[in-house]
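Visitor: Following is a predicted model, sequence given first.
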Amino acid sequence: MSEKSPEAATDSALEDFVADADTGGRVPRDAFGRTVLWFLPMAWSIYQLWIASPLPFALGIGVWNDTQTRAIHLGFAVLLAFLAFPAFRSSPRTRIPMLTWAIALVGAAAASYQWYNYAGVAARSGIPSTLDITVSVAGLVLLMEAARRSLGFPLMGVALFFLAYVFFGSWSGLPEVIQWKGASLSKAMSHMWLTTEGVFGVALGVSSGFVFLFVLFGALLNQAGAGNYFLKLAFAALGHLRGGPAKAAVIASAATGLISGSSIANVVTTGTFTIPLMKKVGFPSHKAGAVEVSSSINGVLTPPVMGAVAFLMTEYVGISYVEVVKSAIVPAAISYIALVYIVHLEALKMGMTGSSRMNPVKFMLGAIFLIAISIVIGGGTLWLCGLSVEGARAVFGAASIWVILGAVALAYVAAVRFAAKGPDLPMDVESMTHLPPAREIFKTGIHYLMPILLLMYLLMIERKSPGLSAFWSTMFMLMILLTQNPLKAFFRREGDMLRHLREGLSDIAHGLVIGARNMIGLAAAMGVAGIIVGAVTLTGIGQVMAEFVEFLSGGNLLAMLFFVALISIILGMGLPTTANYIVVSSLMAGVVVELGAQSGLIVPLIAVHMFVFYFGIMADVTPPVGLASFAAAAISKGDPLRTGFQAFFYSIRTALLPFLFIFNTDLLLIDVGPVQAVFVFIVALIAMLLFAAGTMNYFMVKSRLWESAILLLAAFILFRPGYFLNQIAPEFEVRAAAEIYTLAEQGGEGATLRVRFVGESLMGDPVDARYLLPLGPSGPDGADRLARAAGIEFRDEDGTIYVDNLNFGGPAEQLGIDFDWELVEIDLAAERMPKELFYLPALILVGGVFMVQMRRKRRDEKEALA
């Protein structure tokens, strides 16, 4: 019997790693087991497409409420988690044990309990029966076991910790500050399993409503060949440059991030090709793996999908999807360009060459120009599509939908015909070294861009819901999978159309199965994250976390943000992207808002959620857990810990951004116009490149310590010019509380008032914090504007202003303001010189370092020639 080669053994281990992390490592040999693990995921995908379509309502079949659809969704996930994922490493992988079948069916029945017994549970609301409690306990235990099998112990461990706090939080051995009264089994299970406060809450609703569809869309897009297309296109465009494979890895991971919600899947999808080629041109194993990890992490942070977190943010923050994308785009773009620059600097430090030695300044300007052109072309295309659709509606009325569908079909057929003029792209690593020109590769996959454009059009122009947008885009992808090969065969005159049609049906089936299996761990994670959210809402531990962080930081704002970042990384270790965000945002977002307000820093909620999300994702990089780093090391054959630490070093630029946009919300394009947005992007990009050069200790040549320090100082000035202006002139002018109504009258349309309150919380703790009160439309009466827009009324007691009334659910009440708090002062923006004036000294400093290094570079070149 022949032995496997080391390479084959490593590839097999990588496949096992990916299966264990994403789709399940069990591959039954018996026909029944194989059939179940094929048709059950397919049935799940079809079910999700069914409930997302208009058909249930049109036909009156399979119409369920949100709680019931969530229960069915979780039932599929729990059942498949037990069947597809072995319990332990020693458990059989080639068969499904009978005990596993039994436990899986019990788990699925408990998870879907609110589907088939919804009426009974609703009728007993608040008074659960013994059966309700029994099913809840069984469901909770088996859900956590399903999550452990599919995701490992970390998420289950976090959930167990919070459950322990729910039941034993009244233990006298705990510090008094974190004690609470505890909960009975009936109350806890009812809260966690029988209401929408726990497992069947917002997270699982987002998972069943549209996260599944986006994961399925990505799986189908990849099955069609789009992942390979984006990868080859990136290599053809950048592979010839200095350190080209690493630069191509960065761009390919950005493109893959559009269709993948997992940093691990991102690493494996592109890393299988990019890491060997990076090693071939001279990158050490750990650095090749680290580049891929850093690129893949950024793929999850990049709009439009952001690992499905973009859609969770719309629910948690209460803003539109377009606002989330707008806020995320600049940090993601500058972080990616900076990583390309870091790769370039590494190539310079290692003395690499390429067939094209493009000047780095020209390269970066070209990259910026390319991004700008891509945004303009993409935005222009969406705008033209919008105009065309409106024109068709005006001309053809009710028949316009058929005209539009016909136009899309013609455009698709034309794109496939264009692609058929060249050969299909090969799927192997060897082909990466002999690629045709980028323009030739671009022609082969224009039709892959159409469903992505459709998704963006529906989300951003038509403003359809994420679920409906993903549904129609997925249907388009199913049509592409079915027809692209027969159409190519027709245009190439190859014949045998029936065989190509069968291949298309096979691709659809594989895509449906892979999409569902990719969702197993994610859906289980959403359910378990609901346990954590339920514990937070039941116990009020969020307030305890705020007090804990305040104690650690000693009231210092920067220290507070540092500890929140550290806790977010710890909480995120071992968790998938979406569960990661749910956990860290549930626990830490409120901490930043509350402690920031006490320090006089009012941060928009989207900035806070982006802050904790960024640091939660850093857990995928950071040893000792860093799953993405382990995946990359499995491909590069490097040391996982060394890969992780190197990836963390490359990702420092990503860790810097959240601190910056907390203090400078311009980076998130909050209240920023189009022209100013371009200016913000350019300045932030220059600052990030300087930061990269400073941390890499290389600019034009290898930097001296003082030169790196100057570059870092210049980067800080460009990122936060307001810091130095605040040292010269105060940011706000303090006005007396008695002027509240006058200032409210004078405020412009949609203005806000920055106010300071002093009082006591419901727990009796002292509060001294600042808040922004919205004023809404202009009006002659300040009191009326505050009552209508902010939902707050005041009373005057001998010159002291107190909160007299709050509208339930109004903005002021949601901010946490309470009755009888004293209004101490009002802060008005002071008239000062523009903070942008500080850009000038920063650029002068950079110019000085540039001239010194260029002089040294010319001298070294002369000495080398001599």
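Guide: The structure has been received and is ready for your questions. Numbers count the residues shown, from 1 in each chain.

Visitor: Now do the helices in the stretch 651-800 of the chain.
Guide: Here the stretch 651-800 of the chain has its helices, by DSSP state H, counting those that start in this stretch, at 652-663, 674-696, 705-719, 722-728, 740-746, 782-785.

Visitor: Throw the ones you listed into CSV and include distance to residue 810, thanks.
Guide: Quick note: C-beta positions are derived from backbone N, CA and C, even for glycine. CSV is the format used below for the helices of the stretch 651-800 of the chain (distance: least, C-beta to C-beta, whole Å):
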stretch, distance to residue 810
helix 652-663, 26
helix 674-696, 31
helix 705-719, 35
helix 722-728, 31
helix 740-746, 15
helix 782-785, 13
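
Visitor: Relative to residue 242, which of the ones you listed is closest?
Guide: Checking the helices of the stretch 651-800 of the chain against residue 242 by C-beta to C-beta gives helix 674-696 as the closest, at 14.8 Å.

Visitor: about what we covered before: quick check: which of the helices of the stretch 651-800 of the chain is nearest to residue 200?
Guide: That would be helix 652-663 among the helices of the stretch 651-800 of the chain, by C-beta to C-beta, at 31.1 Å.

Visitor: pLDDT averaged over the closest one, what's the number?
Guide: Confidence over helix 652-663, taken as the mean pLDDT, stands at 81.

Visitor: how much does it deviate in direction from helix 674-696?
Guide: Here helix 652-663 runs at an angle of 140 degrees relative to helix 674-696 (axes from the mean of the first three to the mean of the last three C-alpha atoms, to 10 degrees).

Visitor: circling back: I'd like the helices of the stretch 651-800 of the chain as a markdown table, with distance to residue 241 and mean neighbour count appended.
Guide: Putting the helices of the stretch 651-800 of the chain into a markdown table (distance: least, C-beta to C-beta, whole Å; neighbours: other C-beta atoms under 10 Å) gives the following:
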| stretch | distance to residue 241 | mean neighbour count |
| --- | --- | --- |
| helix 652-663 | 20 | 21 |
| helix 674-696 | 17 | 20 |
| helix 705-719 | 23 | 19 |
| helix 722-728 | 37 | 13 |
| helix 740-746 | 57 | 17 |
| helix 782-785 | 58 | 18 |
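
Visitor: Out of those helices, which is closest to residue 377?
Guide: Among those, helix 674-696 comes nearest to residue 377, with 16.0 Å by C-beta to C-beta.

Visitor: Using PDB, write down the CA coordinates of the helix or strand containing residue 628.
Guide: Using DSSP states H and E, residue 628 maps to helix 627-636. C-alpha atoms of helix 627-636 as PDB (Å, rounded to 0.1, in the frame of the first residue of the first chain):
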ATOM      1  CA  LEU A 627      -8.400  30.400  13.700                       C
ATOM      2  CA  ALA A 628      -7.600  32.300  10.400                       C
ATOM      3  CA  SER A 629      -3.900  32.200  11.300                       C
ATOM      4  CA  PHE A 630      -4.100  28.400  11.900                       C
ATOM      5  CA  ALA A 631      -5.800  28.000   8.500                       C
ATOM      6  CA  ALA A 632      -3.100  30.000   6.800                       C
ATOM      7  CA  ALA A 633      -0.300  28.100   8.600                       C
ATOM      8  CA  ALA A 634      -1.800  24.800   7.400                       C
ATOM      9  CA  ILE A 635      -1.400  26.000   3.800                       C
ATOM     10  CA  SER A 636       2.000  27.700   4.200                       C
END
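
Visitor: Can you show me the strands along the stretch 751-866 of the chain?
Guide: Using DSSP state E, counting those that start in this stretch, the strands of the stretch 751-866 of the chain run over 752-760, 766-774, 792-797, 800-806, 822-829.

Visitor: Identify each buried residue in the last one, please.
Guide: For strand 822-829, burial by neighbour count (16 or more other C-beta atoms under 10 Å) applies to 823-827.

Visitor: Now flag whichever of those residues is closest to residue 475.
Guide: residue 827 (52.2 Å).

Visitor: Quick check: bridge partners of that closest one?
Guide: residue 734, residue 754 (DSSP bridges).

Visitor: quick one on the thing from earlier: average pLDDT across the helix holding residue 628?
Guide: Average pLDDT, helix 627-636: 77.

Visitor: Please pull out the lowest mean pLDDT helix or strand from this protein.
Guide: Within the chain, confidence by mean pLDDT, DSSP states H and E is lowest for helix 6-18 among all helices and strands, at a mean of 48.

Visitor: wait, which of the buried residues of strand 822-829 is closest to residue 477?
Guide: Ranked by distance to residue 477 (C-beta to C-beta), the buried residues of strand 822-829 are led by residue 827 at 51.6 Å.

Visitor: if I pick that closest one, what's in contact with it?
Guide: Each residue near residue 827 by C-beta atoms under 8 Å, 6 or more residues apart in numbering is listed here: 732-735, 754-756, 770.

Visitor: With residue 778 as the reference, measure out to it.
Guide: From residue 827 over to residue 778 the distance is 21 Å, taken as C-beta to C-beta, to the nearest Å.

Visitor: Redo the strands of the stretch 751-866 of the chain as TSV? Include distance to residue 75.
Guide: Shown next, in TSV, are the strands of the stretch 751-866 of the chain (distance: least, C-beta to C-beta, whole Å):
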stretch	distance to residue 75
strand 752-760	46
strand 766-774	43
strand 792-797	45
strand 800-806	42
strand 822-829	52
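
Visitor: what domains does the record give for the chain?
Guide: Using automatic domain parsing, the domain parsing of the chain gives 6-195, 204-494, 732-829.

Visitor: what is the mean pLDDT for the second one?
Guide: Read that as domain 204-494. Averaged across domain 204-494, pLDDT comes to 79.

Visitor: Repeat that for the last one.
Guide: Mean pLDDT, domain 732-829: 87.

Visitor: Now do that domain: distance from first to last residue.
Guide: End-to-end distance of domain 732-829: 5 Å, with C-alpha to C-alpha, to the nearest Å as the criterion.

Visitor: Columns distance to residue 659 on top of the domains of the chain, output as JSON lines?
Guide: Converted to JSON lines, these look like this (distance: least, C-beta to C-beta, whole Å):
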{"stretch": "domain 6-195", "distance to residue 659": "25"}
{"stretch": "domain 204-494", "distance to residue 659": "11"}
{"stretch": "domain 732-829", "distance to residue 659": "20"}
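
Visitor: Of those, flag the one that's most buried.
Guide: Ranked by mean neighbour count under mean count of other C-beta atoms under 10 Å, the domains of the chain are led by domain 204-494, which reaches a mean of 20.

Visitor: chain center to that domain, what's the gap?
Guide: Taking the mean of its C-alpha atoms, domain 204-494 sits 16 Å from the chain's own mean (C-alpha atoms, centre = their mean, to the nearest Å).

Visitor: what's the span of that domain from first residue to last?
Guide: Domain 204-494 has an end-to-end distance of 47 Å (criterion: C-alpha to C-alpha).

Visitor: Please work out which residues outside stretch 764-780 touch it.
Guide: Outside stretch 764-780, the residues that touch it by C-beta under 8 Å, 6+ apart are 547, 594, 597-598, 600, 602, 744-745, 747-761, 785-786, 788-790, 792, 811-812, 815-818, 821, 827.

Visitor: Distance from the chain centre to that stretch, please.
Guide: Centre-to-centre, stretch 764-780 and its host chain are 31 Å apart (C-alpha atoms, centre = their mean).

Visitor: center of the chain - which residue?
Guide: Residue closest to the average C-alpha location in the chain (C-alpha atoms, centre = their mean): residue 306, at 3.1 Å.

Visitor: check contacts around that one.
Guide: Contacts for residue 306 (C-beta under 8 Å, 6+ apart) come out as 300, 324, 328.

Visitor: Kindly list the longest helix within the protein.
Guide: helix 497-539 (DSSP state H).

Visitor: After it, which helix or strand is next? Please name it.
Guide: Tracing the chain past helix 497-539, the next element assigned as helix or strand by DSSP H and E is helix 541-553.

Visitor: which strands and helices sit next to that next one?
Guide: Helices and strands touching helix 541-553, by 3 or more C-beta pairs under 8 Å, 6 or more residues apart in numbering; DSSP states H and E, are helix 557-572, helix 590-598.

Visitor: Appreciated, that's everything.
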